[in-house]
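S.K.: Sequence plus predicted model, see below.
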Amino acid sequence: MKKLLKISVTIVTLLSVAFVSFVLYETKDEINADLNNIDEKMKSFYNEKKMGGFAVSVFNDQEIIYSQGFGYNDLKNKTPYTTKTEQYLASVSKTTIGIALLKAEELGLLNIDDPINQHLPFKVFNPNFPEEEITIKQLATHTSSLDYNEPVVESLYIEENKKQKSLKTFMADYFQNGTYGEVTFTKHQPGSDWNYSNIGASLAAYIIEYKSAMNFADFTLKYIFEPLEIYNTHWFESVADPSNYTKYYESESSIKEVNTSGVSLYPARDMISNLEDLTIYCQAIISRDPKLLSAASFNKMLSAQLTSSISNTSVDNNGIFWMIDRNQYGVTYSLTGMNGGDNCINTMMWFDPKTKLGYIFIGNTGGSASNKGNHIRIFRALASLGDHYLMNHPEKNLLDRIAYKSHNVLSRIGGLF
């Protein structure tokens, strides 16, 4: 028995050592970015043959820790991409729909749990479940059962001068008039399955329009952009500063300049901004700025809305048009935010609610197999810089550092499973 116990203890000890060694190896910070080397690391992760230009920031709710642009907003003329360079943000735009919905609720125009047919001039229901009401919250969490309908969405890229501020015409044509053919739904009951939908997102924006008697662009200007004093953020390319507006690029075997335009469903994709404005915007969310929403509205918007019964989720959870996810680009913290992507756009905007550290990447080149590794390393470097900043900040006491280190290690271990 003693011999067997000794062997068992030895095996447990070896397994424990092996496990700890594995965890330490897998969770180590291989980048080790700090304010002294971050520029050098960013330049090493940039490849002119795969990327046009980009800008990044690391920040908390009170200060900007790091902010810098790299590469070019115009490769041909070698015009630098800076923190002031403006471009489309793709699906990061949808986060404004979340804020606008909660603001509309505060104004008494709607309740986030209301059936959408209570707030529309036409009826929308899934023909597979005709008795089931679709709610505003289901639109906001991509569980409405409205299909993505890619052929229609891809047909909605239009010239700038044809883009309308009001969504009324498209919504009537799509849901009422049959202009785009049959409205497509999934075969899942509303509220039971996660299915990302630009049409569903824009329908939520249209509800705000219909109830407020303001087009979505004007509503967001009044209740988001002006209160935050972000004056380089808007929805139409014609308003952008031409001296700071970027060119756009695709990257496959080589990089090439491409033309892009807005879409009819502009709230789902077309917010134009620069790094400086977008950082202020995200800081306001982290700090729960009362100029935007009440504390109760922020809690609702940023809290997990999906239950474990929801199938097919590609993220850990959803707030109200804000996603909650772990392992974004290999960063294992549970982050809140959004990615945006198109053939010639790539954006990442995420923050850690526990540490209040935020990370933004905004670039004028679409993600592809040829530059995916660059984007991953850049985002990991931002997280590494945030880690180093908190662990070595002179104002942080020992307990703060221990608490953060525990958060760091536990998050990294959790990311392995």
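M.R.: Ah, there it is.

S.K.: Need the mean per-residue confidence for the host helix or strand of residue 341.
M.R.: Using DSSP states H and E, residue 341 falls within strand 331-342. Averaged over strand 331-342, pLDDT sits at 93.

S.K.: Quick one: list the elements packing against that strand.
M.R.: strand 323-328, strand 345-352, strand 357-363, helix 372-392, helix 398-414 (3 or more C-beta pairs under 8 Å, 6 or more residues apart in numbering; DSSP states H and E). In short, each C-beta sits where N, CA and C put it, glycine included.

S.K.: any idea of the angle the second one forms with strand 331-342?
M.R.: Same thing as strand 345-352. Per axes from the mean of the first three to the mean of the last three C-alpha atoms, to 10 degrees, the angle that strand 345-352 makes with strand 331-342 is 150 degrees.

S.K.: i'd like the first residue to be 196 from this point on
M.R.: Shifting the count to begin at 196 puts that one at strand 540-547.

S.K.: if we can go back for a sec, out of the helices and strands packed on strand 526-537, which is the most enclosed?
M.R.: strand 552-558 (a mean of 27; mean count of other C-beta atoms under 10 Å).

S.K.: That one pairs with which strands, parallel or anti?
M.R.: Strands that pair with strand 552-558, judged by DSSP bridges, come out as strand 248-254 (antiparallel), strand 540-547 (antiparallel).

S.K.: what's it in contact with?
M.R.: By C-beta atoms under 8 Å, 6 or more residues apart in numbering, the surrounding residues in contact with strand 552-558 are 246-255, 276, 282, 284, 468-470, 473-474, 477-478, 481, 526, 530, 532, 540-547, 570, 573-574, 577-578, 581, 584-585.

S.K.: ranges for the strands of the stretch 246-395 of the chain?
M.R.: Counting by DSSP state E, counting those that start in this stretch, the stretch 246-395 of the chain has strands at residues 248-254, 259-269, 274-275, 282-283, 352-353.

S.K.: Same list (those strands) but as JSON lines, adding mean neighbour count, distance to residue 456 and mean pLDDT.
M.R.: As requested, the strands of the stretch 246-395 of the chain are exported to JSON lines (neighbours: other C-beta atoms under 10 Å; distance: least, C-beta to C-beta, whole Å; pLDDT from 0 to 100):
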{"stretch": "strand 248-254", "mean neighbour count": "25", "distance to residue 456": "20", "mean pLDDT": "98"}
{"stretch": "strand 259-269", "mean neighbour count": "20", "distance to residue 456": "17", "mean pLDDT": "98"}
{"stretch": "strand 274-275", "mean neighbour count": "14", "distance to residue 456": "21", "mean pLDDT": "98"}
{"stretch": "strand 282-283", "mean neighbour count": "29", "distance to residue 456": "9", "mean pLDDT": "98"}
{"stretch": "strand 352-353", "mean neighbour count": "14", "distance to residue 456": "5", "mean pLDDT": "92"}
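
S.K.: Show me the one of those strands that comes nearest residue 486.
M.R.: Comparing these against residue 486 with C-beta to C-beta, the closest turns out to be strand 248-254 (17.7 Å).

S.K.: so that closest one versus helix 567-587, what angle?
M.R.: 20 degrees.

S.K.: Strand 248-254 vs strand 259-269, what angle?
M.R.: Angle, strand 248-254 to strand 259-269, by the same axes, to 10 degrees: 170 degrees.

S.K.: Now find how far off-centre strand 248-254 is within its chain.
M.R.: 14 Å (C-alpha atoms, centre = their mean, to the nearest Å).

S.K.: Could the C-alpha coordinates of that strand be exported in PDB?
M.R.: What follows is strand 248-254, C-alpha atoms only, in PDB (Å, rounded to 0.1, in the frame of the first residue of the first chain):
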ATOM      1  CA  GLY A 248      -2.700  51.800 -43.400                       C
ATOM      2  CA  PHE A 249      -4.100  51.600 -40.000                       C
ATOM      3  CA  ALA A 250      -4.300  53.300 -36.600                       C
ATOM      4  CA  VAL A 251      -4.500  51.800 -33.100                       C
ATOM      5  CA  SER A 252      -5.200  52.900 -29.600                       C
ATOM      6  CA  VAL A 253      -5.000  51.600 -26.100                       C
ATOM      7  CA  PHE A 254      -7.000  53.500 -23.400                       C
END
